[in-house]
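With the sequence up front, the predicted model follows.
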Amino acid sequence: MSRLAIKICGLSTPDTVGAAIKAGASHLGFVHFPKSPRHVEAGQIRALAAQVPAHIDRVAVLVDPADDILTQLIATNSLTALQLHGRESPERAAAIRQRFNLPVWKAISVKTRADIDAAKAYSGAADLLLFDAKTPDGAALPGGMGLRFDWTLLRGVPISLPWGLSGGLGIDNVAEAIRITGAPMIDVSSGVESAPGIKSVDKIMAFCKAAQPS
Ligand SMILES: O=C(O)c1ccccc1NCC(=O)[C@H](O)[C@H](O)COP(=O)(O)O
């Protein structure tokens, strides 16, 4: 059985990046979206990524990014993937992948089974699908709000791309989420925070332990 991939998202300080590495995370997420309490500038991403061993992925989390933003982030030479968390179409995802030559992840906002079925459109356009809870209309953020969707919606659905589960995961429910969905990758943000945007070293450690009990 292959090892569970764990992405800790919304990191912004050296100590919490260090905690995620020590805890065994396979992927670290850096949110570049000014409205987010987790927003980090390109220079911060460069500095934080410099402490990350090469075998751990560094993922930029973006919302409908324009090409000039992507150019600026790619120039940091710090990233191994781009996570698109807005309303990017399959065509836009494919164009970003082709132009910037990095794996593209597409976040799929899920409320119903139809949302999961519609993700098929990203086959050939994205490299990974991240199923996340749909945030309410008018919400400030399209992710990172600690909301979960009905995990049983993923049961029995053929998913043609590598994929991950996100949305409302935490220390107390991550094992159940993995059991129900069989997710090969999990992603967490607010479930390892003490306040919006403030990651907790202790919670990061506890989450990774809960996700992969020995
Ligand atoms: O986390 C943010 O602030 C954010 C802002 C804008 C777009 C996406 C964002 N987060 C995306 C993530 O990958 C989160 O880890 C994911 O939505 C799960 O968040 P949570 O439910 O808080 O664990």
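Sure thing, it's come through. Numbering: from 1, shown residues only.

C-alpha only now, for contacts and for neighbours.
Fine.

L48 and V59: what is the separation?
12 Å (CA to CA, to the nearest Å).

Which one's more surrounded, those two?
Comparing L48 with V59 by other CA atoms under 10 Å, the one with more neighbours is V59, at 26 against 22.

pretty sure that one contacts I45?
No: judged on CA atoms under 8 Å, V59 makes no contact with I45 at a distance of 9.8 Å.

can you list residues touching both of those two?
Taking CA atoms under 8 Å, 6 or more residues apart in numbering as the contact rule, V59 and I45 both touch F30.

Now tell me what touches the helix or strand that contains L129 from outside.
Per DSSP states H and E, L129 falls inside strand 128-133. Strand 128-133 has contacts (CA under 8 Å, 6+ apart) with 104-111, 116, 119, 143, 147-149, 161-168.

just the buried members of those residues?
Neighbour-count burial (16 or more other CA atoms under 10 Å) is assigned, among the contacts of strand 128-133, to 104-111, 116, 119, 143, 147-149, 163-168.

Quick check: mean pLDDT of stretch 127-145?
Computed over stretch 127-145, the mean pLDDT rounds to 95.

Quick one: check it for contact with the ligand.
Yes: for a cut-off given as CA under 6 Å from any ligand atom, stretch 127-145 has contacts with the ligand, namely 132, 141-145.

Among the residues you listed, which ones are in helices?
With helices defined by DSSP state H, no entry of those lies inside them.

which among the residues you listed end up buried?
So, by 16+ other CA under 10 Å, the buried ones in those are 132, 141-145.

which two in these are spaced the farthest apart?
Longest distance between any two of those is 12.3 Å, between D132 and L141; criterion CA to CA.

residues from this protein in reach of the ligand?
Proximity of the chain to the ligand, by CA under 6 Å from any ligand atom, involves residues 9-10, 33, 36-38, 63, 85, 132, 141-147, 166-169, 187-191.

Now for I6, how many residues are close by?
I6 has 24 nearby residues by other CA under 10 Å.

wait, L73
20.

ok, now A75?
For A75, the neighbour count with other CA under 10 Å is 12.

Same check on A25?
A25: 22 neighbours (other CA under 10 Å).

can you tell me the helix or strand for it?
Following DSSP H and E, there is no helix or strand that holds A25.

That one reaches L4, doesn't it?
No: using CA under 8 Å as the test, A25 is too far from L4 to be in contact (9.3 Å).

residues touching P142, list them.
Contacts of P142 (CA under 8 Å, 6+ apart): 85-86, 134-135.

cutoff 7 Å now
For P142, the contacting residues are 85-86, 135, by CA atoms under 7 Å, 6 or more residues apart in numbering.

just L70 next, same as before
Contacts for L70 were tallied using CA under 7 Å, 6+ apart; there are none.

next helix or strand past the helix or strand containing it?
Assigned by DSSP H and E, L70 belongs to helix 67-74. Following helix 67-74 in sequence order, the next helix or strand is strand 81-84 (DSSP H and E).

Quick check: neighbours of that next one in the sheet, parallel or antiparallel?
strand 57-62 (parallel), strand 104-110 (parallel) (DSSP bridges).
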